[in-house]
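J.: Let me see the structure of the following:
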Amino acid sequence: MNTTADLGLRYLRGDHVFAQLIRFALVGGASNITYLVLFLTLNSTGPLIANIAGSILSTVIANELHRHLTFRAAGRVTWFTAQWEGGGLAVIGLLISSAALAALDSYAPGLSPLARAAAVIALTAAIGALRFLALRGFVFGSPSTESRAELEEHHSTESEDALRYSRPGGDVRPAFLMGPIMA
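T.: Residues are numbered from 1 along each chain as shown. Alright, predicted model coming up:
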């Protein structure tokens, strides 16, 4: 018998755009938390170094999580390609958002802090949406019909997740975070 939670999890594990968007947002949230922890940890070295290190490391982690979890492209896209193209998109997004914020300061210098925060949130959401579309369409793509059929044949519907497995003792984590199984 399938519970609502089971159906919800099955839906979120799907390869359709909405499930990918939810996973993209979750990875983005985890990436922001990673950035914050790194920034606070490294802040004693100076805010510029802490910002650069936090940005680079959180972007690398996010790209890898997107490759494995969000778009399930580990079998189609190499680590280097994900970092090069995903990192390039992150730099482009940073440049666009920085230019837009500079233009906002130039053309609307008297904005209240609340209006400025709303503009930053709207801009960040727009850049995030464009990044999602670019990652989905160009970097990770969706598997071809043949690849999808191979995946479905390889992973039965009873499989909890193509990226997870259980070690002896019940240790269940994403496969890429674990080394080889030593039985």
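
J.: Please count neighbours and contacts with C-alpha atoms only from this point.
T.: Will do.

J.: can you pull out the strands in the protein?
T.: 164-166, 172-174 (DSSP state E).

J.: Please name every helix or strand in contact with the longest helix anywhere in the chain.
T.: Longest helix in the chain by number of residues, with DSSP state H as the criterion: helix 79-107. Applying 3 or more CA pairs under 8 Å, 6 or more residues apart in numbering; DSSP states H and E, one finds that helix 79-107 makes contact with helix 47-65, helix 113-134.

J.: quick one, phi/psi of the most far-flung residue of the chain relative to its centre?
T.: Distance from the centre of the chain peaks at Gly110, with 34.8 Å (CA atoms, centre = their mean). Per-residue torsions, Gly110: phi -90, psi 20 (degrees, to the nearest 10).

J.: Tell me the confidence at the closest residue to Pro47 other than its chain neighbours?
T.: Nearest residue to Pro47 in three dimensions, chain neighbours excluded: Phe39, at 7.6 Å (CA to CA, 6 or more residues apart in numbering). Note for Phe39: predicted pLDDT of 91.

J.: what's the pLDDT at the nearest residue to Tyr35 once chain neighbours are set aside?
T.: By the measure of CA to CA, 6+ apart, the closest residue to Tyr35 outside its immediate chain neighbours is Gly54, 4.7 Å from it. pLDDT for Gly54: 91.

J.: Identify all contacting residues around stretch 71-89.
T.: 15, 20, 59-60, 63-64, 66-68, 131, 134-136, 139-143 (CA atoms under 8 Å, 6 or more residues apart in numbering).

J.: quick revisit: most packed of the helices and strands packed on helix 79-107?
T.: helix 47-65 (a mean of 19; mean count of other CA atoms under 10 Å).

J.: Can you report how many residues neighbour Gly29?
T.: By other CA atoms under 10 Å, the residues close to Gly29 number 13.

J.: How much space separates it from Ser44?
T.: Gly29 sits 24 Å away from Ser44, going by CA to CA, to the nearest Å.

J.: For Ala134, which non-adjacent residue is spatially closest?
T.: Ala134 sits nearest to Leu89 (CA to CA, 6+ apart), 7.9 Å away.

J.: how deep is that neighbour tucked in, by neighbour count?
T.: Leu89, neighbours per other CA under 10 Å, totals 19.

J.: That one and Asp6, how far apart?
T.: Leu89 is 35 Å from Asp6, by CA to CA.

J.: Relative to Pro113, how far out is the residue nearest to Pro47?
T.: Phe39 is 23 Å from Pro113, by CA to CA.
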